[in-house]
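# Could you look at this predicted model? Sequence included:
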Amino acid sequence: MMTNLFSIFDPSSSFFNLSMNWMSTILGLLFMPFLYWASPSRWSLLWSKIIFTLHKEFKALLSSSHIGSTILFISIFSLIVFNNSLGLLPYVFTSSSHMVMTLSLSLPLWITLMTFGWINHTQHMFAHLVPQGTPAALMPFMVLIETISNIIRPGTLAIRLAANMIAGHLLLTLLGGTGPSLSLSILTILIFSQILLLILESAVAIIQSYVFAVLSTLYTSEIN
């Protein structure tokens with residue numbers, strides 16, 4: 001019997017006492033050889049179109065000194081969207097619904113940006129703590145608020161991604177668990193609702209990957 005509603009997200013697959021759950025994180029790499037080495041297809045052309053579109057958008061957000069960073073954020077987007085999408089398949093461990101995975105993406109990126117900014121653009125980083133036009137009496141409070149908002153950025157990135165993945169999977173699990181006790185007519189409605197919810201979760205998987213990459217790009221653009 002399930003003792004905790006969130007126990008469905010606990011790692012459970014193992015092979016000779018070695019955890020195999022996190023192997024799902026690199027399953028997306030299995031799709032890459034086809035995109036690069038096989039003859040062009042509609043899927044590969046679509047993925048190339050998405051990459052070029054993201055490159056143009058990230059390039060517009062970044063300053064001229066950080067344009068080459070678009071490949072980093074496109075890679076982060078690709079990793080997250082593969083994990084989110086594969087997690088919708090049955091019996092596939094959704095690594096992006098765990099804070100261990102999401103913090104491993106956001107925290108090193110934030111630390112790198114802060115280190116680079118404070119070492120190379122110290123004056124600009126100090127000026128960024130006080131918005132232009134702030135009254136002198138409010139400056140200490142604005143510095144405190146801006147500092148706190150800056151510190152919690154990696155946490156908000158990680159929690160936003162993990163929470164959205166957990167919410168959809170929990171709803172799918174809760175609705176699916178009521179199936180055996182329902183009549184045939186209600187079960188038909190439930191299956192139709194599950195299909196609609198699965199389509200919604202597919203959209204959320206892409207949107208959350210895009211939001212994570214765009215916010216990371218915006219944080220980078222603030223370091224001039």
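The structure has been received and is ready for your questions. Numbers count the residues shown, from 1 in each chain.
# From the structure, what's the count of residues near residue 179?
12 (other Cβ atoms under 10 Å). (Glycine included, C-beta is placed from N, CA and C.)
# Pretty sure residue 190 is one of the things it touches, is it not?
Yes - counting by Cβ atoms under 8 Å, residue 179 does reach residue 190; the two are 6.1 Å apart.
# buried ones in the helix or strand where residue 47 lies?
Per DSSP states H and E, residue 47 falls inside helix 42-61. With burial defined by 16 or more other Cβ atoms under 10 Å, the residues of helix 42-61 counted as buried are 44, 47, 51, 54, 57-58.
# Show me how far it is from its chain's centre.
Taking Cα atoms, centre = their mean, to the nearest Å, the mean C-alpha location of helix 42-61 is offset from the chain mean by 18 Å.
# The helix or strand following it - what's its average pLDDT?
Using DSSP H and E, the helix or strand that follows helix 42-61 in sequence is helix 70-86. For helix 70-86, mean pLDDT rounds to 89.
# Report the angle between helix 70-86 and helix 42-61.
Angle of helix 70-86 versus helix 42-61, following axes from the mean of the first three to the mean of the last three Cα atoms, to 10 degrees, is 130 degrees.
# any idea which helix or strand comes after helix 70-86?
helix 99-120.
# Let me know the angle separating that next one from helix 70-86.
Taking the same axes, to 10 degrees, one finds helix 99-120 and helix 70-86 inclined to each other by 170 degrees.
# what comes up buried for helix 99-120?
101-103, 105-106, 109-110, 113-114, 117.
# Average pLDDT for the helix holding residue 47, rounded please.
Rounded mean pLDDT across helix 42-61 is 86.
# do stretch 154-165 as well
Mean predicted lDDT for stretch 154-165 stands at 91.
# now swap in stretch 174-187 and tell me
Summarised as a single mean, pLDDT over stretch 174-187 is 78.
# just to revisit the earlier point, looking at the buried residues of helix 99-120, spot the one nearest residue 196.
residue 102 (26.5 Å; Cβ to Cβ).
# so that closest one sits right up against residue 157, yeah?
Yes - between residue 102 and residue 157 there is a contact under Cβ under 8 Å: 7.1 Å.
# now the helix or strand that contains residue 144, how far from the centre of its chain.
Secondary structure assignment for residue 144, by DSSP H and E: helix 139-151. Here the centre of helix 139-151 is set off from its chain's centre by 26 Å, with Cα atoms, centre = their mean.
# Restricting to C-alpha, output that helix in CSV.
Provided in CSV are the C-alpha atoms of helix 139-151 (Å, rounded to 0.1, in the frame of the first residue of the first chain):
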residue,chain,number,x,y,z
MET,A,139,18.6,52.5,-0.8
PRO,A,140,19.5,50.1,2.1
PHE,A,141,16.1,48.3,1.7
MET,A,142,16.5,48.1,-2.1
VAL,A,143,20.0,46.6,-1.7
LEU,A,144,18.6,44.0,0.7
ILE,A,145,15.6,43.2,-1.5
GLU,A,146,17.8,42.9,-4.7
THR,A,147,20.3,40.8,-2.8
ILE,A,148,17.7,38.3,-1.6
SER,A,149,16.0,38.2,-5.0
ASN,A,150,19.4,37.4,-6.6
ILE,A,151,20.2,34.7,-4.1
